[in-house]
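[1] sequence and predicted structure below; questions after.
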Amino acid sequence: MPIKSYLAHPEEGQKETLIKALSKIDHCDVIPAENEELLIVVTDTENKTDDEKVKASIESIASLKLLAMVSGFNTPKNK
Amino acid sequence: MRKRLGIISLFVILFIAFIAIWNYSYQLGLEEAYIPIEASSNVHAIPSESGVFKRSEHALDYEGMPIDENHQRSLTTYYKNRAYHGAPPSIPHPVDEHQNMGGQSCLKCHENGGFTGKFQAYAPVTPHPELVNCKQCHVEQNTQTLFKTGNYASVVAPKAGVNNALLGSPPMIPHQIQLRENCLSCHAGPSAPKEIRVSHPERVNCRQCHVPNNKEMTAVGTFKRAGNEE
Amino acid sequence: MQHSLTSRRNFLKKMAAAAAMTAAASMFPGIIFASEQDANLPKGGNLDWKKGPCRFCGVGCGILVGVDQGKAVAVKGDPNCSVNKGLLCVKGYHQIMCTQAKDRLTHALVKKNGRYVQTPINEALDIVANKMKETIEKHGKDSVAMYTSGQSTIPEGYVASKFMKGAIGTNNLDCNARLCMASAVAGFLTTFGADEPMGCYEDIDHADYFITWGNNMAEMHPVLFSRMLEQKNRRGAKIIDFATRTTRSSTASNKSILFEPQTDLAVANAICYEIIKNGWVNKSFVENHVNFSKGLTNMGYGLEDKYKFKDKPTKIDFESYKKFLENYTPEKVAKYSKVSVKDIKYLAAIYGDPNKKVVSYWCMGMNQHTRGTWMNNLVYNIHLLTGKISQPGNGPFSLTGQPSACGTAREVGTFTHKLPKGVVMNEKHRRLAAKIWKVPYERIPSKPTYHATEMFRAVDRGDIKFIWTQVTNPLVSLPKTSRYRPGMEKESCFVVVSDVFPTPTSDVADVILPASWHIEKSGLYGNSERRTQHWNKMVEGPGETTPDAWMTIEVAKRMGYGDLFPYSEENHVEEIYKEYTQFHEGAKHGMAPLEVLKKESGAIWPYVDGKSTQWRFNAKYDPACSNDKDFHFYGKPDGKAIIWQRPYEPAPEIPDAEYPFWLNTGRVIEHWHTGSMTRRIPVLHKAMPAAYVEFHPDDAKNLGIRNGEKIKVSSRRGSCILPASINERGLPTRGQVFVPFFDENMLINDVTLDAFCPISKEPDYKKCAVKVEKA
């Protein structure tokens, strides 16, 4: 059950569009910065393949300039 | 000849004009001094409302100001300077000019604040710079002894951090606001006591979210329907 | 272990977010994240934040309600909602506290021998249904009525309309939005042929000037006002306050201009005169997109029962409109409006400057006006003449006071003349409604019956023998309650009141039904900027409280209309919304699907191809424009908006020797409408415990009145005793007094006049003549 956090840089002036696009993706939380052109994205998925899918769909957003992973966790699978 | 005549007549005209104007101004000078009375009374419009926005032009500066942690005031030192909460603070430093009312000299530091090397502190900002007879209410402390001790009842001053009704909801105003209508003067900037310094001075319209928690000096209680005593 | 597993996951998610925040802070020192608000909350407060719209005004702020073990314990602004961006006002932050009030209505109460007896809700609904059926059998369909609200959710309004118009077959359905928005609706329909603002709140981020017409936004729409203040501080945008009373908004504005009540009509015309005289008319816009018309004048004021009026529009040309305006030179208007020539020219110059973007805002000052429709038309005239409309930062914007005055009252159409799409007078619209409702088309009557004021006059006369009110408190909010309270107390009318708290209206009820509050049910609202907002039920209501929509459905079932209401109790909100959206399909009014509304903080209609339309009528933004021009006012058959020739006419009652003061009524920031909710929130009650009568200090001095002294305010209709307030919250002009109407213990509406705008039928609460004396 991977949980990962990223810093997402939007294209110039497209922060709102990026927030909208990101919030439409399942298993994906957005925390926009109030005073900078930057977003934090936290993904929370059931397994590795889902995680890769989510990452792929995030990366396919046009208003996204750069996505940088910051940290990742994996919860134990036996619970 | 004609030329000379022309010049003479020109001077005659100028002379007559001079006499006329001089006469007119002399007559005007004789009139009784008259100060017109303004027909409309000059009501100081709703001080409790306009006060809120008084320093709002500085709000963006406040927002950007770094916090000087080594020289901040705390609520304890803030209250220590007052006989009871809500009382006018006394002047905790020596005053050079004893003759004047205070407006000119006090406002130099207390109108907009700023760091004073001598006292190693930021000057508090007055919420009412229009009242210039400062020493009418604010006096120096020139002795530590008392004439006679007394049993002054001590009033518990409002505490910070306990005035919200719900988790995370904006705190209510726990003090009277007369003469302190301008929130930003005490709640923003480097001289604001650290416990009550607002994190969002740029919001300006303070009483959109923070309202006084009582109107009268006595508790209001909760809403009761007329005729339905219960 | 599900619980600990989720909390562990939540913990890890927070850790992940925190790590990202630290990384971000190293790149951008001083960066702020909205969710840092969470950090201030006590640790271990295992709060579950649920999204919804605020319960109160029409701004429609997004809120997050913190729920802990099934109880709502906290509220914060939704940082992802573009309306308020995380900010609320003092009412919003404390709204959930009212639900805990001790006198909450938790069970149905039925009046037996003069006393209220607690009754199981099923029995109470039986009584309501039987009484309604019996009344119809004895006195006909038009002897029963329903009076609902701009606070009803979309499903609640929809089932009320279907029940009254589709099932029973009467147009005796109106709502309290008649008292606040009807003039705005009539204004939109007459000028553009399509209701609701063309712009959106984002205009605030673009405009250079905000001109507020009789609108104290700092107290009534505080979150929008804060957005304006932010633009004022950061960009130097200017706020001009045009009003009859100095308020908090005036003190925060760049300029405050005061006018004599009712003369706003003349000033608006004078502004148009100046615009034309100085050649500031946007000629190509006017040629391509505007027609000129005039209507009837001397319409009267609706003071007599069964008053009828129908406007007769006549087309005119620009020249005759220009000629008409010659009566409104600034010099002439300054004489009676008490606005200086300089100020009129100043206002005109702002609107006339082609390089400045201007938004006009208004709410009750213009709508609660015996010439409210005209006043709305006149402000549109200014924007149409200058072509400043339907563009980011340019446009007229009518604000609303109730959370779903747009979404429910106007879009679902809980007015006597309305259907979910169109009006009852139109056969095509009736056929569409009948088709979707699956009822015989003949059942929907083609004639409107009673608008709000007339409905309560009919109750008083004995024509209506059964009335059911939902989500509203007419005996505090109607004008001239001194007539309508005794009217509703009469034996001739059976009164059913659905509410959350006891009110002066429930005091006269025969049956009181306990309603679920806001977050105790699922629902949808529609705010002022055409934004539809959905929320899911967040907590359980106490006792036998039931959602209003479900009570209506239960009564309909008991009356034999069950097949028209095949909804399930758990899921009726979604089922009803899906049925309702069929009415609005298409590019002009398409509504966002539920799936979108559940994820996002609302979406603006027309919602076309997965996109909100922020500026209607502008081809750049609005896919419904189809005339190949820059603008298309498609509400009118020829695609052109109308500039209306509307004169100044005096108010119905003007101060005289016996009643020398104007009476103006309104709200304060702490209380919302009749205060039945906000007064039960301790924080708000303590800040504003009672109503008051506000004087100009000069008037107070002349009358020898001191602050706090008890004053009797009386008119030809009734009186009310209140404490005086001098130079506190507001400052009326000389010769005017102001009273907020929230206080049921000091009913100022006993004093007000029930005159209304003949076109919109909206009453004027802002102007009548009173005398004041020490009580």
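    Great, that's in hand.
[2] contact partners for the residue most central in space within chain B?
    In chain B, the C-alpha nearest the mean C-alpha coordinate belongs to residue B:128, at 1.4 Å (CA atoms, centre = their mean). The neighbours of residue B:128, taking CB atoms under 8 Å, 6 or more residues apart in numbering or on different chains as the test, are B:179-182. Quick note: C-beta positions are derived from backbone N, CA and C, even for glycine.
[3] the longest helix in chain A is where?
    helix A:48-59 (DSSP state H).
[4] near chain C, anything from that one?
    No. If you take CB under 8 Å from any CB of the partner chain as the test, helix A:48-59 misses chain C, and the best it gets is 12.7 Å.
[5] now could you export just the CA positions of that helix as CSV?
    Output in CSV follows, covering the C-alpha atoms of helix A:48-59 (Å, rounded to 0.1, in the frame of the first residue of the first chain):
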residue,chain,number,x,y,z
LYS,A,48,2.3,-1.1,-6.8
THR,A,49,0.4,-1.3,-10.2
ASP,A,50,-2.3,1.2,-9.0
ASP,A,51,0.5,3.4,-7.8
GLU,A,52,2.1,3.4,-11.2
LYS,A,53,-1.2,4.0,-12.9
VAL,A,54,-1.9,7.0,-10.7
LYS,A,55,1.6,8.4,-11.3
ALA,A,56,1.2,7.9,-15.1
SER,A,57,-2.2,9.8,-15.1
ILE,A,58,-0.6,12.6,-13.0
GLU,A,59,2.2,12.9,-15.4
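[6] tell me how many other residues crowd residue C:537.
    Using other CB atoms under 10 Å in any protein chain shown, residue C:537 has 18 other residues around it.
[7] got the contact list for residue C:669?
    B:207-208, B:211, C:89-91, C:218-220, C:222, C:248.
[8] between those residues, which sits nearest residue C:600?
    residue C:89 (22.4 Å; CB to CB).
[9] so what's the residue count around the residue lying closest to that closest one once chain neighbours are set aside?
    Leaving out its chain neighbours, the residue that sits closest to residue C:89 by CB to CB, 6 or more residues apart in numbering or on different chains is residue C:222, at 4.2 Å. Look at residue C:222: counted by other CB under 10 Å, it has 29 neighbours.
[10] surely residue C:222 is in contact with residue B:206?
    No. Using CB atoms under 8 Å, residue C:222 is not in contact with residue B:206; the gap is 10.8 Å.
[11] looks to me like residue C:52 is in a strand.
    Yes. Judged by DSSP: H, G, I helix; E, B strand; the rest coil, residue C:52 forms part of a strand.
[12] please name the nearest non-neighbouring residue to it.
    That would be residue C:535: by CB to CB, 6+ apart, it lies 3.1 Å from residue C:52.
[13] quick check: residue C:762 touching residue C:368?
    Yes. Counting by CB under 8 Å, residue C:762 does reach residue C:368; the two are 6.3 Å apart.
[14] identify the contacts common to the two.
    Joint contacts of residue C:762 and residue C:368 (CB under 8 Å, 6+ apart) are C:179-180, C:183.
[15] for residue C:484, give me its contacts.
    C:456-457, C:459-460, C:474-475, C:478.
[16] mean confidence score for the top strand by length along chain A?
    Scanning chain A for the strand with the most residues, using DSSP state E, yields strand A:64-74. Taken as a whole, strand A:64-74 has an average pLDDT of 85.
[17] send me stretch B:95-107 as CSV with only the CA atoms.
    Extracted in CSV, the C-alpha atoms of stretch B:95-107 (Å, rounded to 0.1, in the frame of the first residue of the first chain):
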residue,chain,number,x,y,z
VAL,B,95,10.1,61.3,29.2
ASP,B,96,12.3,64.2,28.2
GLU,B,97,9.8,66.9,27.5
HIS,B,98,7.6,67.5,30.5
GLN,B,99,5.9,70.6,29.3
ASN,B,100,4.0,69.5,26.2
MET,B,101,0.9,67.4,25.9
GLY,B,102,2.6,64.6,24.2
GLY,B,103,1.2,64.6,20.7
GLN,B,104,4.3,65.8,18.9
SER,B,105,6.8,63.9,20.9
CYS,B,106,4.9,60.7,21.8
LEU,B,107,3.6,60.2,18.3
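[18] any buried residues in that stretch, and which?
    B:95, B:102-103, B:106 (16 or more other CB atoms under 10 Å in any protein chain shown).
[19] and these, which is closest to chain A?
    residue B:106 (36.4 Å; CB to the nearest CB).
[20] and the nearest residue to that closest one once chain neighbours are set aside, how far from chain C?
    Closest residue to residue B:106 apart from its sequence neighbours, by CB to CB, 6+ apart: residue B:134 at 4.6 Å. Taking CB to the nearest CB, to the nearest Å as the measure, residue B:134 falls 24 Å from chain C.
[21] over to residue A:67?
    Counting by CB to the nearest CB, the gap from residue A:67 to chain C is 11 Å.
[22] just residue B:112 next, same as before
    Residue B:112 is 17 Å from chain C, by CB to the nearest CB.
[23] residues touching that residue, list them.
    B:58, B:125.
[24] element containing it?
    Residue B:112 belongs to no helix or strand when assigned by DSSP states H and E.
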